[in-house]
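Peer 1: what's the 3D shape of this:
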Amino acid sequence: MENKNKTVVKSMELLHLFLTEPSLTLNDMVSLSGMPKTSVHRMACSLEEMGFLTRGADGRYQLGLIFLQFGQLVSERLDIRKIAKPIMEELCTEVDEAVQLIMRDGDEAIYVEKIEGTQTVRLYTAIGRRSPLYAGACARSILSFLPRDEIEAYIQQTELAAIGSGTITDPAALLQSIETSLKTGYTLSYSELENYTAAIGAPIFNHEGKVAAGISIAGFEARFSEDCLPYLTDKVKTAAQHISEKLGY
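Peer 2: Numbering: from 1, shown residues only. From the prediction side, this is the model:
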C-alpha cells in the first residue's frame, strides 16, 4: 500500500460492501469493514456529498445514481473489435485458420473483424458481409444464446432458405442444433454458407451476461475432421471466454 492513498483505498472498501448488499446503515458499514466508526462516518459523508452514496429517510445508505452514468459510459466505450483483435490473432496463430468476429444486427449477423490464416485458399467472408442468424456456426452461436422467446419468435417468422448444401432449413433441426449448442457451449457447421467449408463458433457475453457477439474459426471442411474437433473447439471456446471476461462477463 506504499504507493496508494489510504483514504481512497478505504473509501473503495466501503463502496465494495454494496456489491453484495443493496443498502447498509452506518453501523453495518462499521461492522463489515472493521474500520473505526468516526472514519466510516467521515468517508460516508464525503461519498454522499460527491454522489457516490445516497442516504434515505431511514438512515440507510445506497449506491448513488452516478454509478449508472459511469456504468453506461464504460459499456458504450467498450470496443469489442479492439478488445477481441489480439485474442483473435493469437487464436489464428494457434489453429492457422481464419478467425471471424460477428455481431448481431436485427435478424442478421454482420462480420466486423477477420484475421486470415496462412492457407493459400481463403474463404470469401469479409468484414461487412452479412448472414442470417440461422446459417453458419458463428451467426448461430449468437442465435443459440438469445432468450428462448426471442429464438422461438425468430424461427416462426424467418424463412430458412438454403444458402449452401448444408444450410439448416428445417425448424425442428434448427432447434435441435440450438439445444446442442446450449449444452456444449459451441456451434458447428458444415457447408452452410459456402460448400466444402466448416466453422466452429462460440458466443461472447457482455457485462450483463447477454450474448454480445460471436467468434469462429473457419476453413475448408477437410481440415475440420472429427479428430481435430476437440482441439479446435477448446481453442475457440477459450478465446470467446477471454473476450467475454474483458467485456466484464
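Peer 1: ok, Gln100 touching Glu116?
Peer 2: No: counting by Cβ atoms under 8 Å, Gln100 stays clear of Glu116, with 10.0 Å between them. Glycine gets a C-beta too; all of them are placed from N, C-alpha and C.
Peer 1: name the residue in those two with the higher neighbour count.
Peer 2: Gln100 (29 against 12; other Cβ atoms under 10 Å).
Peer 1: what ranges in the chain fall below the confidence cut-off?
Peer 2: Along the chain, the model assigns pLDDT under 70 to residues 1-4, 72-78, 120-125.
Peer 1: contact partners for the residue nearest to the spatial centre of it?
Peer 2: Nearest to the geometric centre of the chain sits Phe205, at 1.8 Å (Cα atoms, centre = their mean). Going by Cβ atoms under 8 Å, 6 or more residues apart in numbering, Phe205 touches Phe145, Val211, Ala212, Ser244, Leu247, Tyr249.
Peer 1: so Ile142 is in which element?
Peer 2: helix 137-143 (DSSP states H and E).
Peer 1: again with Ile110
Peer 2: Going by DSSP H and E, Ile110 is in strand 108-115.
Peer 1: can you give me the offset of that strand from its chain's centre?
Peer 2: 15 Å (Cα atoms, centre = their mean, to the nearest Å).
Peer 1: now swap in stretch 119-138 and tell me
Peer 2: For stretch 119-138, the distance to the chain centre is 20 Å (Cα atoms, centre = their mean).
Peer 1: pull the CA atoms of that stretch into CSV?
Peer 2: This file holds the C-alpha atoms of stretch 119-138, laid out as CSV (Å, rounded to 0.1, in the frame of the first residue of the first chain):
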residue,chain,number,x,y,z
GLN,A,119,-3.8,-21.1,-46.0
THR,A,120,-3.3,-20.3,-49.7
VAL,A,121,-7.1,-20.8,-50.5
ARG,A,122,-9.2,-18.4,-48.4
LEU,A,123,-12.8,-18.1,-47.5
TYR,A,124,-14.9,-15.5,-49.3
THR,A,125,-16.2,-14.0,-46.0
ALA,A,126,-15.1,-10.4,-45.4
ILE,A,127,-15.7,-7.6,-42.9
GLY,A,128,-19.1,-6.1,-43.6
ARG,A,129,-20.6,-9.3,-45.0
ARG,A,130,-24.0,-10.3,-43.6
SER,A,131,-25.6,-13.6,-43.0
PRO,A,132,-28.8,-14.8,-41.4
LEU,A,133,-28.6,-15.8,-37.8
TYR,A,134,-29.7,-19.3,-38.5
ALA,A,135,-26.9,-20.1,-41.0
GLY,A,136,-23.2,-20.8,-40.2
ALA,A,137,-21.6,-21.6,-36.8
CYS,A,138,-20.6,-18.0,-36.0
